[in-house]
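Student: Sequence first, then the predicted structure:
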Amino acid sequence: MGRFYKMVDRLGLLGRVDPALYHRQSPGDDATMRIRYLGTAGFEISTGDHTIILDPYVSRPGGRETLFGRIAANPAIVRRHIHACDDVLIGHAHHDHVLDGPEVCRQTGARFIGSVDACNVARAAGLDEAQIRETAGREDITSGKGFVRGLPSAHGRVFFNRVALTGNIDEPPPWPAHYSRFRHGLVLNWYIEQQGIRVVHIDTAEFFEDELAGMECDVLCLCAIGRKYRPNYTEDAIRILKPKLVLPCHWDLFTTPLEDEPFLLPEVDIEGFIAEIRATGTDVALLPFLGSYGYSA
């Protein structure tokens, strides 16, 4: 931990997760699907020999580097934490969702799937065009023995009740890029169906009810900061999608390394979020960094 974060920790300026809240049970060998939390909005979903990764962001450049430098994926960190992948799905083109996607694809041969905005980031990072698949959502894309579908959405309001870095990425930006070049562009939530298990990934603080209609799921990956400014965020998502399990995401401060004990993002009340989920009668599992959950059909 750097000197700045040691001071932040000593002064109690940012919250921490009570370790008792974490799900620490190892997946059983008979689990149909293994879901691993990669920090921020990132998940690795493995079924048999097929792996899908959502919004990988394991490089996690520090605050000073992000604010004042130009950022790109760290290949060594990506290699350390991600060993196999068939498809990378990107929810939107902010840096903490898209930055590592092209590098994961370069190292594993995976396909990069996202909006034109996200795909222009992949092009800027030098990913081969043959590995890039643009989508505007609302189409089923074969992935392994199942499929994935982008569900158009919006970014939603987060810090200080505002949407950060609005706009589009109409052409590949200079690379490496300053974080301000990562405009969110088209936002896609994701519906994933593999081995009879349905997963919905909501990676930001908004969703459109009509786009989720009929998308009931078994597992819902849900952005924890969304409940701050969108009324009934948690209850509405669960009412529409009827998940059996919710996996919180986007609760951690994404400028700290995966190896460190995470701080909470400002304005995230993780205990309140978990209580809201449980109040609906739905199971919830808060995964630590690189922690896994085994789910069976």
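Tutor: Thanks, I have the structure now. Residues are numbered from 1 along each chain as shown.
Student: so where do the strands sit in this structure?
Tutor: 33-39, 42-47, 50-54, 87-89, 111-114, 132-134, 140-143, 146-153, 187-194, 197-202, 219-223, 245-249, 283-284, 292-295 (DSSP state E).
Student: can you pull out the helices in this structure?
Tutor: When assigned using DSSP state H, the helices of the chain occupy the ranges 3-11, 63-68, 75-81, 95-98, 101-108, 116-124, 209-212, 233-241, 270-279.
Student: Of all these, which one is nearest Ala154?
Tutor: Among these, helix 209-212 comes nearest to Ala154, with 10.1 Å by Cβ to Cβ. C-betas here are computed from N, CA, C, even on glycine.
Student: Now the closest one - C-alpha only, CSV.
Tutor: What follows is helix 209-212 as a C-alpha-only set of coordinates in CSV (Å, rounded to 0.1, in the frame of the first residue of the first chain):
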residue,chain,number,x,y,z
GLU,A,209,-36.9,-2.0,-17.4
ASP,A,210,-38.2,-2.6,-20.9
GLU,A,211,-34.8,-3.9,-22.0
LEU,A,212,-34.7,-6.4,-19.0
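Student: and the helices of the chain as TSV, adding mean neighbour count?
Tutor: Shown next, in TSV, are these (neighbours: other Cβ atoms under 10 Å):
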stretch	mean neighbour count
helix 3-11	12
helix 63-68	13
helix 75-81	16
helix 95-98	26
helix 101-108	24
helix 116-124	24
helix 209-212	14
helix 233-241	19
helix 270-279	17
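Student: Can you tell me which of the ones you listed is nearest to Asp87?
Tutor: Asp87 lies closest, by Cβ to Cβ, to one member of the helices of the chain: helix 101-108, at 9.0 Å.
Student: which helices and strands sit right next to that closest one?
Tutor: For helix 101-108, the helices and strands in contact under the criterion 3 or more Cβ pairs under 8 Å, 6 or more residues apart in numbering; DSSP states H and E are helix 75-81, strand 87-89, strand 111-114, helix 116-124.
Student: avg pLDDT for the longest one?
Tutor: It stands for helix 116-124. Confidence over helix 116-124, taken as the mean pLDDT, stands at 98.
Student: One more: the first one?
Tutor: Helix 75-81 comes out with an average pLDDT of 98.
Student: Centre of the chain to it, how far?
Tutor: Mean C-alpha position of helix 75-81 versus that of the full chain (Cα atoms, centre = their mean, to the nearest Å) differs by 17 Å.
Student: before we move on, what about the second one?
Tutor: Relative to its chain's centre, strand 87-89 lies at 11 Å (Cα atoms, centre = their mean).
Student: Contact partners for the closest residue to Gly109 other than its chain neighbours?
Tutor: For Gly109, ignoring the flanking residues on the chain, the nearest one in space by Cβ to Cβ, 6 or more residues apart in numbering is Gln131 at 7.5 Å. Taking Cβ atoms under 8 Å, 6 or more residues apart in numbering, we find Gln131 in contact with Cys105, Gly109, Ala110, Arg111, Phe112, Ala122.
Student: biggest separation within those, which pair?
Tutor: Looking across these, with Cβ to Cβ as the criterion, the two at the greatest separation are Gly109 and Ala122, at 13.9 Å.
Student: need the contacts of Gln131 in a markdown table with distance to Thr40, can you?
Tutor: Written out in a markdown table, the entries for the contacts of Gln131 read as follows (distance: Cβ to Cβ, whole Å):
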| residue | distance to Thr40 |
| --- | --- |
| Cys105 | 18 |
| Gly109 | 24 |
| Ala110 | 19 |
| Arg111 | 21 |
| Phe112 | 18 |
| Ala122 | 18 |
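Student: Flag the shaky bits of the chain, pLDDT-wise.
Tutor: 1-12 (pLDDT under 70).
Student: Might you report the residue contacts of the residue positioned nearest the centre of the chain?
Tutor: Centroid-nearest residue in the chain: Ala41, 2.0 Å away (criterion: Cα atoms, centre = their mean). The contact partners of Ala41, taken as Cβ under 8 Å, 6+ apart, are 54-55, 57, 91, 96-97, 201, 203-204, 221, 223, 249-250.
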